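Participant: Show me the folded form of this:
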Amino acid sequence: MTEQWDAALAADAKRVGEAVAVAGTGMVDREVLAEVVALCAVAGEHLLVVGAPGTAKSEVVRRVAAQLGGRYFEYLLGRFTEPNELFGSVDLRQLREGRVEFETAGMLPEAEIAFLDEVFLGSTAVLNTLLGLLNERVFRRGRTVFASPLRVCVGAANGLPEDPALEAFADRFLARLFVEPVPDDRLEDLLEAGRRPAPEPPAEAGLLAELDRLAAAARGCELGGVTPVVATAVRRLRGAGVPIGDRRAVRAQRLIAAAAALDGRTAATAGDLWVLPLIAPTADAQVLARETLADLVGEAANCSLVYSAEELSRGVRARGERLARVGAALLAECAAAPAGRDLRLRLEATLREVDASFDAENLPEHLAGIRARLVTAVRR
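Facilitator: Alright, predicted model coming up:
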């Protein structure tokens, strides 16, 4: 099918992609998480992040929210968390007049981006109210009923629940990411990054308008041409033993459409199916999903989500997009100040990765230009 590029959409996608890249600066091995938060915000779906404490889950979401703008809500749930700690307390002025209404200013129902840590520790009362808010984007409690502006809720947990009731709740988070501590070979990067200050939030109002335009484009994305390929992918996943229910299969199309919109297109292609491993329920199932779909998504790439497209597709084209992004950022650092030892080492490491990933005759044209400039920078 013909790719339908849209210049205005591509400009919005570029701005959001750049903001997410800033949010991920210095967050070693967490670039994928930052990008998937944005993907889910455009798709109108929620994200579950599973990983050990201290793996920067909340910090990444906090930084993405700061770059995108809007109201942000964050809370650590516990067994004794009361609903009013998340959703607001009874409005006493209204109560005196016999009306049970809730004061929600600054609370979850009025947030645009939310992060709920230890999300499965919430009480039944908390989870039941949360379920309605996540599903319908409508807050209902007492006489208080209004549409919530929530774009995405990120829930975090140390592990997946075993209680069947909690499994049903977890299923409402369409996308899942499993994060591990930074590997030993990147500890130097982690320690150096930990000494740098967090990026400043933008001075302007934020990017919610761009985010909303991308979300609208995703809702209107042309999916008809890719439906047979999606059906083939779901059949393959089920055949390989990856449990994909009907609801998750249908809603996965929202992630596909969001990936297309964030690549500046109004129609999805088979190359957008790199998002499908995100709907697999466990870390092992996601590995199996990547292997099962390798031939379908080998040519995947996304100009705004370069790290996640590479990680989930393991494709050469996506790797080229990511290396081009990294190389351009390094060259911008060189232009801003003379290259010190740390920057020179990163330039050399990127050059080595480019040469290890591509033969000279297969080097993409845009990456070839960046490689030539990297060589010049290293030789200075």
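
Participant: now stretch 129-136: how far from the chain's centre is it?
Facilitator: 20 Å (CA atoms, centre = their mean, to the nearest Å).

Participant: now stretch 51-68
Facilitator: Distance, centroid of stretch 51-68 to centroid of chain: 11 Å (CA atoms, centre = their mean).

Participant: what comes up buried for it?
Facilitator: Judged by neighbour count (16 or more other CB atoms under 10 Å), stretch 51-68 contains these buried residues: 51, 55-68. In this view, the C-beta of every residue, glycine as well, is placed from N, C-alpha and C.

Participant: same question, stretch 227-237
Facilitator: 229-230, 233-234, 236-237.

Participant: I'd like the distance between the nearest residue to R30 once chain neighbours are set aside and E103.
Facilitator: Nearest residue to R30 in three dimensions, chain neighbours excluded: V60, at 4.9 Å (CB to CB, 6 or more residues apart in numbering). Distance, V60 to E103, using CB to CB, to the nearest Å: 30 Å.

Participant: repeat for R248
Facilitator: Counting by CB to CB, the gap from R248 to E103 is 36 Å.

Participant: Could I have the CA atoms of the helix or strand containing D212 written out in CSV?
Facilitator: D212 is part of helix 208-219, with elements assigned from DSSP states H and E. Extracted in CSV, the C-alpha atoms of helix 208-219 (Å, rounded to 0.1, in the frame of the first residue of the first chain):
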residue,chain,number,x,y,z
LEU,A,208,-0.4,18.6,24.6
ALA,A,209,-1.8,20.3,21.5
GLU,A,210,0.6,18.3,19.3
LEU,A,211,-0.1,15.2,21.3
ASP,A,212,-3.8,15.6,20.7
ARG,A,213,-3.4,16.2,17.0
LEU,A,214,-1.4,13.0,16.8
ALA,A,215,-4.0,11.1,18.8
ALA,A,216,-6.7,12.4,16.4
ALA,A,217,-4.7,11.3,13.4
ALA,A,218,-4.2,7.9,15.0
ARG,A,219,-8.0,7.5,15.5
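
Participant: Could you name the helices and strands sitting against that helix?
Facilitator: On a contact count with 3 or more CB pairs under 8 Å, 6 or more residues apart in numbering; DSSP states H and E, helix 208-219 meets helix 7-24, helix 31-43, helix 246-261.

Participant: Any chance of TSV for those, columns mean neighbour count?
Facilitator: Below are the helices and strands packed on helix 208-219 laid out as TSV (neighbours: other CB atoms under 10 Å):
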stretch	mean neighbour count
helix 7-24	20
helix 31-43	27
helix 246-261	22
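
Participant: can I get those in CSV with distance to E348 and mean pLDDT?
Facilitator: Below are those laid out as CSV (distance: least, CB to CB, whole Å; pLDDT from 0 to 100):
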stretch, distance to E348, mean pLDDT
helix 7-24, 22, 94
helix 31-43, 21, 97
helix 246-261, 33, 97
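
Participant: okay if I get the ones you listed as a markdown table plus distance to P83?
Facilitator: Shown next, in a markdown table, are the helices and strands packed on helix 208-219 (distance: least, CB to CB, whole Å):
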| stretch | distance to P83 |
| --- | --- |
| helix 7-24 | 30 |
| helix 31-43 | 24 |
| helix 246-261 | 26 |
